[in-house]
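**Q** Predicted model, plus sequence, below.
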Amino acid sequence: MALIETKDLWKTYEMGAETVHALRGASIAIEKGEYVAIMGPSGSGKSTLMNLIGCLDTPSQGNYTLNDKDVSNMTDDELANIRNREIGFVFQTFNLLPRATALHNVELPLIYNGSSTDERKEKAVKALTRVDLADRVTHKPSELSGGQRQRVAIARALVNDPSLILADEPTGNLDSKTSVEIMRLSDELHKQGNTIIVVTHERDIALHAKRVITILDGQIATDEQVTQEMRNAIH
């Protein structure tokens, strides 16, 4: 059974008198432990698909199963619960609390699920250690570089031991050198057994994954395994 399975997913918006089909019958399956990139230009539907996979939105029609749970018709509260337990999010803008330390930022998902203070601290320190920030636990975002802030965000995504890490343009606000470091960290996390989906419009970032799904006009245009030749062609 796939970790993620979407069948004929549609997302339709009413914009005044106009009907916009942001997603048109997308069907994909992603196994546990896969490292997949979802690519496409602006307006292609990739962000809509990410929002559905991340349980941030529900489809207009079709089915979505995550870890054997049908999430297509869940209530907002049920979706919030699934998000907290099953998915670790990494955003382009880091989404860190500016006045909180790295440790407290990473603890946040554990506060929502009712973990004890000691358990929160232990898990947060462990997650920060995994991203090489054990010496920065008391630093606030303003005291960290862009790359370090994104590492804090990745540690926060890892802290609940989620089924899936969902990264939305994770290098979008970083320079090229730092982007390489963050993608190297993603490669390492995948080797440790994490299932990772990266949403990006940059081909060189997508080719860190083992499989690339391309979306155009709300439909799956291609779904291919990444080869070494494809990676070599970028450099």
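**A** Great, that's in hand.
**Q** which element is the residue most central in space within the chain on?
**A** When Cα atoms, centre = their mean is applied to the chain, the residue found nearest the centroid is residue 166 (1.2 Å). Element membership for residue 166, per DSSP states H and E: strand 164-168.
**Q** That strand pairs with which strands, and in what direction?
**A** strand 87-91 (parallel), strand 196-200 (parallel) (DSSP bridges).
**Q** least reliable of those going by mean pLDDT?
**A** For those, mean pLDDT drops lowest on strand 87-91, to a mean of 92.
**Q** Would you mind giving the strands paired with strand 164-168 as a markdown table with distance to residue 60 added?
**A** Placement of C-beta: from N, CA and C, glycine included. As requested, those are arranged in a markdown table below (distance: least, Cβ to Cβ, whole Å):
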| stretch | distance to residue 60 |
| --- | --- |
| strand 87-91 | 21 |
| strand 196-200 | 20 |
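**Q** Of these, which stretch is the most buried?
**A** strand 196-200 (a mean of 25; mean count of other Cβ atoms under 10 Å).
**Q** could you point out which element follows that one?
**A** Helices and strands here follow DSSP H and E; after strand 196-200, the next one along the chain is helix 203-206.
**Q** coming back round to it: what is the mean pLDDT for whichever helix or strand comes after the strand holding residue 166?
**A** Per DSSP H and E, strand 164-168 leads on to helix 176-191 as the next helix or strand towards the C-terminus. For helix 176-191, the mean per-residue pLDDT is 91.
**Q** which parts of helix 176-191 are buried?
**A** 178-183, 185-186, 189-190 (16 or more other Cβ atoms under 10 Å).
**Q** Just give me how far it sits from the chain centre.
**A** 14 Å (Cα atoms, centre = their mean, to the nearest Å).
**Q** elements contacting that helix?
**A** strand 35-39, helix 146-158, strand 196-200 (3 or more Cβ pairs under 8 Å, 6 or more residues apart in numbering; DSSP states H and E).
**Q** Can I get these in a markdown table including distance to residue 9?
**A** Listed next are the helices and strands packed on helix 176-191 as a markdown table, based on distance: least, Cβ to Cβ, whole Å:
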| stretch | distance to residue 9 |
| --- | --- |
| strand 35-39 | 13 |
| helix 146-158 | 23 |
| strand 196-200 | 15 |
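**Q** quick one on the thing from earlier: now for the strands paired with strand 164-168, which one comes closest to residue 44?
**A** Residue 44 sits nearest to strand 196-200 of all these, at 10.6 Å, using Cβ to Cβ.
**Q** And for that closest one, what's in contact with it?
**A** With contact meaning Cβ atoms under 8 Å, 6 or more residues apart in numbering, strand 196-200 is reached by 4, 30, 34-39, 46-47, 49-50, 53, 164-171, 186, 189-190, 205-206, 208-209.
**Q** let's go with 7 Å and repeat that
**A** Defining contact as Cβ atoms under 7 Å, 6 or more residues apart in numbering, one finds that strand 196-200 is touched by 30, 35-39, 46-47, 50, 53, 164-170, 186, 189-190, 205-206, 209.
**Q** list the contacts for residue 105?
**A** By Cβ under 7 Å, 6+ apart, the neighbours of residue 105 are 96-97, 152, 156.
**Q** quick one, what contacts the residue lying closest to residue 60 once chain neighbours are set aside?
**A** For residue 60, ignoring the flanking residues on the chain, the nearest one in space by Cβ to Cβ, 6 or more residues apart in numbering is residue 12 at 4.4 Å. Residues in contact with residue 12, defined by Cβ under 7 Å, 6+ apart, are 19-21, 60.
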